[in-house]
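In: no sequence for this one, just the structure:
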(Lines give C-alpha, C1' and ligand atoms only; values in the text may rest on other atoms or scores of the structure.)
Protein backbone atom coordinates (compact mmCIF):
# COMPACT_ATOMS: atom_id res chain seq x y z
CA UNK A 1 0.00 0.00 0.00
CA UNK A 2 1.09 3.63 0.07
CA UNK A 3 2.72 3.33 3.50
CA UNK A 4 3.31 -0.43 3.76
CA UNK A 5 5.91 -2.59 2.03
CA UNK A 6 7.47 -6.05 2.26
CA UNK A 7 11.13 -6.96 2.60
CA UNK A 8 12.26 -10.43 1.54
CA UNK A 9 15.63 -11.24 3.08
CA UNK A 10 18.15 -13.93 2.17
CA UNK A 11 21.26 -14.72 4.23
CA UNK A 12 24.74 -13.97 2.89
CA UNK A 13 28.22 -15.35 3.47
CA UNK A 14 27.12 -18.94 4.06
CA UNK A 15 25.12 -18.10 7.16
CA UNK A 16 21.63 -19.43 7.82
CA UNK A 17 18.62 -17.89 9.49
CA UNK A 18 17.35 -19.59 12.61
CA UNK A 19 13.95 -21.31 12.34
CA UNK A 20 11.08 -19.26 13.73
CA UNK A 21 7.67 -20.00 15.16
CA UNK A 22 4.52 -18.19 13.96
CA UNK A 23 4.12 -14.94 15.88
CA UNK A 24 7.78 -14.29 16.67
CA UNK A 25 9.68 -11.16 15.59
CA UNK A 26 13.15 -10.08 14.49
CA UNK A 27 15.19 -6.96 15.14
CA UNK A 28 16.02 -5.36 11.78
CA UNK A 29 18.85 -2.85 11.50
CA UNK A 30 19.47 -0.30 8.78
CA UNK A 31 23.13 0.60 8.97
CA UNK A 32 23.68 4.16 10.13
CA UNK A 33 19.97 4.75 10.81
CA UNK A 34 18.62 2.48 13.52
CA UNK A 35 17.02 -0.80 14.58
CA UNK A 36 13.35 -1.76 14.94
CA UNK A 37 11.40 -4.89 15.99
CA UNK A 38 9.32 -6.32 13.15
CA UNK A 39 7.15 -9.42 13.21
CA UNK A 40 8.01 -12.16 10.77
CA UNK A 41 5.25 -12.45 8.19
CA UNK A 42 6.60 -15.28 6.05
CA UNK A 43 6.12 -19.04 5.99
CA UNK A 44 7.64 -20.90 8.99
CA UNK A 45 8.08 -23.92 6.72
CA UNK A 46 10.59 -21.85 4.71
CA UNK A 47 13.01 -20.47 7.33
CA UNK A 48 15.74 -19.97 4.72
CA UNK A 49 13.90 -16.81 3.62
CA UNK A 50 12.70 -14.09 5.99
CA UNK A 51 9.69 -12.01 5.00
CA UNK A 52 8.70 -8.86 6.89
CA UNK A 53 5.76 -6.64 6.01
CA UNK A 54 6.39 -3.19 7.45
CA UNK A 55 4.54 0.09 7.82
CA UNK A 56 6.73 3.16 7.29
CA UNK A 57 6.11 5.23 10.42
CA UNK A 58 9.58 6.38 11.56
CA UNK A 59 13.08 7.16 10.36
CA UNK A 60 14.26 3.53 10.32
CA UNK A 61 11.22 2.06 8.60
CA UNK A 62 11.18 4.89 6.06
CA UNK A 63 14.83 4.10 5.31
CA UNK A 64 13.86 0.44 4.87
CA UNK A 65 11.17 1.46 2.40
CA UNK A 66 13.88 2.96 0.17
CA UNK A 67 16.05 -0.18 0.12
CA UNK A 68 16.66 -1.87 -3.20
CA UNK A 69 17.51 -5.40 -4.24
CA UNK A 70 21.00 -6.30 -3.02
CA UNK A 71 21.06 -3.84 -0.11
CA UNK A 72 22.03 -5.09 3.34
CA UNK A 73 19.94 -5.27 6.50
CA UNK A 74 21.12 -6.44 9.89
CA UNK A 75 19.02 -9.20 11.47
CA UNK A 76 18.94 -10.64 14.97
CA UNK A 77 16.33 -13.01 16.29
CA UNK A 78 13.86 -14.59 16.34
CA UNK A 79 12.50 -13.31 19.64
CA UNK A 80 9.28 -13.65 21.60
CA UNK A 81 6.39 -16.00 22.17
CA UNK A 82 4.38 -17.56 19.37
CA UNK A 83 0.83 -18.41 18.38
CA UNK A 84 -0.11 -21.74 20.06
CA UNK A 85 -0.72 -23.58 16.80
CA UNK A 86 0.19 -26.98 18.32
CA UNK A 87 -2.11 -26.42 21.28
CA UNK A 88 -4.93 -25.77 18.82
CA UNK A 89 -4.83 -29.27 17.33
CA UNK A 90 -8.33 -30.74 17.22
CA UNK A 91 -9.98 -27.35 17.80
CA UNK A 92 -11.76 -24.92 15.54
CA UNK A 93 -9.41 -21.99 14.85
CA UNK A 94 -10.54 -18.42 14.23
CA UNK A 95 -7.90 -15.92 13.10
CA UNK A 96 -8.93 -12.26 13.36
CA UNK A 97 -6.83 -9.35 12.16
CA UNK A 98 -7.18 -5.71 11.26
CA UNK A 99 -4.97 -3.52 9.08
CA UNK A 100 -1.33 -4.46 9.22
CA UNK A 101 -2.24 -7.01 11.90
CA UNK A 102 -2.65 -9.55 9.12
CA UNK A 103 1.15 -9.61 8.71
CA UNK A 104 2.01 -11.08 12.16
CA UNK A 105 -0.86 -13.57 11.95
CA UNK A 106 -0.01 -14.74 8.42
CA UNK A 107 2.62 -17.30 9.56
CA UNK A 108 -0.05 -18.93 11.73
CA UNK A 109 -2.37 -19.08 8.72
CA UNK A 110 0.39 -20.70 6.66
CA UNK A 111 1.00 -23.27 9.39
CA UNK A 112 -2.66 -24.12 9.91
CA UNK A 113 -3.32 -24.49 6.18
CA UNK A 114 -0.20 -26.64 5.71
CA UNK A 115 -1.38 -28.97 8.49
CA UNK A 116 -5.07 -28.53 7.76
CA UNK A 117 -6.10 -32.07 8.81
CA UNK A 118 -4.99 -31.39 12.41
CA UNK A 119 -7.64 -28.70 12.97
CA UNK A 120 -11.40 -28.39 12.98
CA UNK A 121 -13.07 -25.53 11.16
CA UNK A 122 -10.77 -22.68 10.18
CA UNK A 123 -12.14 -19.14 9.96
CA UNK A 124 -10.09 -16.13 8.79
CA UNK A 125 -11.56 -12.66 9.42
CA UNK A 126 -9.79 -9.57 8.13
CA UNK A 127 -10.69 -5.89 8.15
CA UNK A 128 -9.02 -2.94 6.43
CA UNK A 129 -9.74 0.78 6.28
CA UNK A 130 -10.39 0.76 2.53
CA UNK A 131 -9.93 -1.79 -0.29
CA UNK A 132 -6.66 -0.04 -1.21
CA UNK A 133 -5.32 -0.58 2.32
CA UNK A 134 -5.83 -4.33 2.16
CA UNK A 135 -2.73 -6.49 2.59
CA UNK A 136 -2.04 -9.58 0.49
CA UNK A 137 -5.20 -9.36 -1.68
CA UNK A 138 -3.99 -12.16 -3.95
CA UNK A 139 -3.48 -14.52 -1.03
CA UNK A 140 -6.83 -13.57 0.47
CA UNK A 141 -8.47 -14.59 -2.82
CA UNK A 142 -6.51 -17.86 -2.84
CA UNK A 143 -7.51 -18.70 0.73
CA UNK A 144 -11.11 -17.78 -0.02
CA UNK A 145 -11.18 -20.18 -2.97
CA UNK A 146 -10.47 -23.17 -0.70
CA UNK A 147 -13.36 -25.37 0.37
CA UNK A 148 -11.86 -26.13 3.80
CA UNK A 149 -11.49 -22.52 5.01
CA UNK A 150 -13.97 -19.71 5.66
CA UNK A 151 -12.56 -16.27 4.77
CA UNK A 152 -14.51 -13.05 5.40
CA UNK A 153 -13.09 -9.64 4.52
CA UNK A 154 -14.57 -6.24 5.33
CA UNK A 155 -13.60 -2.60 4.94
CA UNK A 156 -14.46 0.49 6.98
CA UNK A 157 -15.02 2.64 3.91
CA UNK A 158 -16.01 1.17 0.57
CA UNK A 159 -15.13 2.42 -2.90
CA UNK A 160 -17.25 2.19 -6.04
CA UNK A 161 -15.59 -1.04 -7.16
CA UNK A 162 -15.82 -2.77 -3.75
CA UNK A 163 -18.49 -5.50 -3.67
CA UNK A 164 -17.70 -7.02 -0.29
CA UNK A 165 -18.80 -6.34 3.28
CA UNK A 166 -18.58 -2.90 4.90
CA UNK A 167 -18.14 -2.44 8.64
CA UNK A 168 -15.84 -3.38 11.48
CA UNK A 169 -14.30 -6.82 11.47
CA UNK A 170 -15.61 -7.63 14.95
CA UNK A 171 -19.21 -7.77 13.66
CA UNK A 172 -18.31 -10.79 11.53
CA UNK A 173 -17.55 -12.84 14.65
CA UNK A 174 -21.25 -13.20 15.43
CA UNK A 175 -22.07 -14.93 12.13
CA UNK A 176 -18.90 -16.97 11.66
CA UNK A 177 -19.27 -20.78 11.59
CA UNK A 178 -17.26 -22.18 14.49
CA UNK A 179 -17.92 -23.93 17.78
CA UNK A 180 -17.32 -21.24 20.41
CA UNK A 181 -17.13 -23.73 23.27
CA UNK A 182 -14.01 -25.38 21.88
CA UNK A 183 -12.58 -22.82 19.45
CA UNK A 184 -9.22 -21.15 19.85
CA UNK A 185 -8.89 -17.59 18.58
CA UNK A 186 -5.81 -15.64 17.47
CA UNK A 187 -6.23 -11.84 17.22
CA UNK A 188 -3.85 -9.15 15.96
CA UNK A 189 -4.58 -5.52 15.22
CA UNK A 190 -5.22 -2.20 16.95
CA UNK A 191 -5.92 -2.55 20.66
CA UNK A 192 -9.48 -1.30 20.35
CA UNK A 193 -10.13 -3.96 17.71
CA UNK A 194 -8.59 -6.64 19.92
CA UNK A 195 -10.79 -5.63 22.82
CA UNK A 196 -14.04 -5.67 20.82
CA UNK A 197 -13.14 -8.88 18.99
CA UNK A 198 -12.46 -10.59 22.31
CA UNK A 199 -15.77 -9.30 23.68
CA UNK A 200 -17.61 -10.66 20.63
CA UNK A 201 -15.97 -14.05 21.13
CA UNK A 202 -16.90 -14.05 24.82
CA UNK A 203 -20.51 -13.23 23.94
CA UNK A 204 -20.58 -16.31 21.75
CA UNK A 205 -19.22 -18.42 24.56
CA UNK A 206 -15.49 -18.63 23.87
CA UNK A 207 -13.39 -18.70 27.03
CA UNK A 208 -10.85 -15.90 27.45
CA UNK A 209 -8.26 -18.61 28.16
CA UNK A 210 -8.75 -19.78 24.56
CA UNK A 211 -8.16 -16.32 23.08
CA UNK A 212 -4.61 -15.26 22.20
CA UNK A 213 -3.58 -11.77 21.15
CA UNK A 214 -0.43 -10.14 19.79
CA UNK A 215 0.61 -6.99 21.65
CA UNK A 216 3.25 -5.53 19.38
CA UNK A 217 3.22 -2.04 20.79
CA UNK A 218 6.20 0.17 21.46
CA UNK A 219 8.78 -2.61 21.30
CA UNK A 220 12.28 -1.27 20.82
CA UNK A 221 15.17 -3.28 22.27
CA UNK A 222 13.75 -6.86 22.33
CA UNK A 223 15.44 -7.72 25.65
CA UNK A 224 13.39 -5.78 28.22
CA UNK A 225 15.99 -3.10 28.96
CA UNK A 226 14.53 0.09 27.53
CA UNK A 227 11.05 -0.21 29.07
CA UNK A 228 9.19 1.11 26.03
CA UNK A 229 6.97 -1.96 25.80
CA UNK A 230 6.03 -2.39 29.46
CA UNK A 231 2.38 -3.45 29.71
CA UNK A 232 1.27 -3.78 33.31
CA UNK A 233 3.73 -6.20 34.95
CA UNK A 234 5.05 -7.51 31.63
CA UNK A 235 7.46 -6.49 28.91
CA UNK A 236 5.91 -7.26 25.55
CA UNK A 237 9.27 -8.09 23.96
CA UNK A 238 10.27 -10.60 26.68
CA UNK A 239 6.91 -11.98 27.82
CA UNK A 240 5.09 -11.64 24.48
CA UNK A 241 4.26 -10.46 21.94
CA UNK A 242 1.62 -13.23 21.99
CA UNK A 243 -0.34 -13.37 25.26
CA UNK A 244 -3.27 -15.40 26.46
CA UNK A 245 -6.04 -12.85 26.71
CA UNK A 246 -7.20 -13.66 30.25
CA UNK A 247 -3.73 -12.75 31.53
CA UNK A 248 -3.83 -9.19 30.22
CA UNK A 249 -7.55 -8.47 29.87
CA UNK A 250 -7.78 -6.19 32.91
CA UNK A 251 -5.16 -3.82 31.48
CA UNK A 252 -7.04 -3.11 28.25
CA UNK A 253 -8.63 0.31 28.25
CA UNK A 254 -6.54 1.58 31.18
CA UNK A 255 -4.74 4.81 30.43
CA UNK A 256 -0.94 4.98 30.65
CA UNK A 257 -0.61 1.17 30.67
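Out: Ah, there it is. Remember, it's a predicted structure, so these values are computed and weren't measured experimentally.
In: now the residue lying closest to residue 206 once chain neighbours are set aside: how far from residue 168?
Out: For residue 206, ignoring the flanking residues on the chain, the nearest one in space by Cβ to Cβ, 6 or more residues apart in numbering is residue 180 at 4.5 Å. (Glycine included, C-beta is placed from N, CA and C.) Residue 180 sits 19 Å away from residue 168, going by Cβ to Cβ, to the nearest Å.
In: re the thing from before, what distance do you get for the residue nearest to residue 206 to residue 174?
Out: From residue 180 to residue 174 the distance is 10 Å (Cβ to Cβ).
In: higher neighbour count, those two?
Out: Using other Cβ atoms under 10 Å as the criterion, residue 180 and residue 174 rank with residue 180 on top: 18 against 10.
In: was I right to think the more buried one contacts residue 211?
Out: No - applying Cβ atoms under 8 Å, one finds residue 180 not in contact with residue 211, separated by 10.7 Å.
In: about what we covered before: overlap in contacts of residue 180 and residue 174?
Out: Shared contacts of residue 180 and residue 174 (Cβ atoms under 8 Å, 6 or more residues apart in numbering): residue 204.
In: run a quick neighbour tally on the nearest residue to residue 131 once chain neighbours are set aside.
Out: Spatially, and ignoring its direct neighbours in sequence, residue 131 is nearest to residue 162 (4.8 Å; Cβ to Cβ, 6+ apart). Neighbourhood size, residue 162 [other Cβ under 10 Å]: 16.
In: check the one 5 residues further on too.
Out: Here the count is done by other Cβ under 10 Å, and residue 167 has 12 residues near it.
In: same check on residue 251?
Out: 14.
In: how near is the nearest residue to it once chain neighbours are set aside to residue 213?
Out: Nearest non-adjacent residue to residue 251, counting by Cβ to Cβ, 6+ apart: residue 232, 4.4 Å away. According to Cβ to Cβ, residue 232 and residue 213 sit 14 Å apart.
In: quick one, which of those two is more surrounded?
Out: Using other Cβ under 10 Å, the more surrounded residue of residue 232 and residue 213 is residue 213, with 28 against 13.
In: my guess is that one contacts residue 187. True?
Out: Yes - between residue 213 and residue 187 there is a contact at 4.7 Å, judged by Cβ under 8 Å.
In: shared neighbours of those two, anything?
Out: Common neighbours of residue 213 and residue 187 (Cβ under 8 Å, 6+ apart) are 194, 198, 245.
In: so which of those are in helices?
Out: 194, 198, 245 (DSSP state H).
In: list just the nearest of those residues to residue 140.
Out: residue 194 (20.5 Å; Cβ to Cβ).
In: my guess is the closest one contacts residue 211, does it?
Out: No - at 9.2 Å, residue 194 does not count as touching residue 211 under the criterion of Cβ under 8 Å.
In: overlap in contacts of the two?
Out: residue 187.
In: and the spatially most central residue of the chain, what element?
Out: Nearest residue to the geometric centre of the chain (Cα atoms, centre = their mean): residue 104, 2.5 Å. Using DSSP states H and E, residue 104 falls within helix 102-114.
In: and the next helix or strand past that helix?
Out: Following helix 102-114 in sequence, per DSSP H and E, is strand 122-128.
In: which residue ranges of the stretch 1-150 of the chain form helices?
Out: Secondary structure of the stretch 1-150 of the chain (DSSP state H, counting those that start in this stretch): helices located at 59-65, 102-114, 137-144.
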